[in-house]
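In: whatever this is, show me its structure:
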Amino acid sequence: MPPTLHQEYDVRVLAVRPWGLDVVLPDGTAGLIDNTKDPRWPDGDQQAAVGTVVRAVVLDDERDPVRMSALDDDRAVAQVLRDAAGH
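Out: Prediction:
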């Protein structure tokens, strides 16, 4: 099943780019967590993130790669939207 808007997934960090993190969703779909949507940026060790699993929410499921956020605030908003939609 392809990733769905506002759904949360455990994604694996594949690479660090100047603009963010390349991730892969459990179904193999490519994702991107922009630097501004990564709670460890700019102070964290981004290279240490490679290979780790991060909980992230889909912000845009129509782009390739899928745009995601690992911010608690974005995940909370997505939860409210899922609850309102009855998911």
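In: residues touching the longest strand along the chain, excluding its own?
Out: Secondary structure assigned by DSSP state E gives strand 8-17 as the longest strand of the chain. Strand 8-17 is contacted by residues 3, 21-26, 31, 33, 46-47, 49-58, 68, 75, 78-79 when judged by Cβ atoms under 8 Å, 6 or more residues apart in numbering. Placement of C-beta: from N, CA and C, glycine included.
In: mind listing what's buried in it?
Out: The neighbour-count check on strand 8-17 (16 or more other Cβ atoms under 10 Å) flags 8, 9, 11, 13, 16 as buried.
In: do the same with stretch 67-85
Out: Quick answer for stretch 67-85 (16+ other Cβ under 10 Å): 67, 68, 69, 70, 71, 74, 78, 82.
In: what's the answer for stretch 35-42, then?
Out: Neighbour counts over stretch 35-42 (16+ other Cβ under 10 Å) mark 37, 38, 41 as buried.
In: how far away is residue 74 from residue 57?
Out: Counting by Cβ to Cβ, to the nearest Å, the separation of residue 74 from residue 57 is 6 Å.
In: again, but for residue 69
Out: Taken as Cβ to Cβ, the span from residue 69 to residue 57 is 6 Å.
In: so what sits against both of those two?
Out: Joint contacts of residue 69 and residue 57 (Cβ under 8 Å, 6+ apart) are residue 75.
In: quick one: which helix or strand includes residue 68?
Out: strand 66-69 (DSSP states H and E).
In: which one of the buried residues of stretch 35-42 is nearest to residue 62?
Out: Distance to residue 62, by Cβ to Cβ, is smallest for residue 37 among the buried residues of stretch 35-42, at 16.8 Å.
In: where does the prediction get shaky in this structure?
Out: Scanning the chain for pLDDT under 70 picks out the ranges 87.
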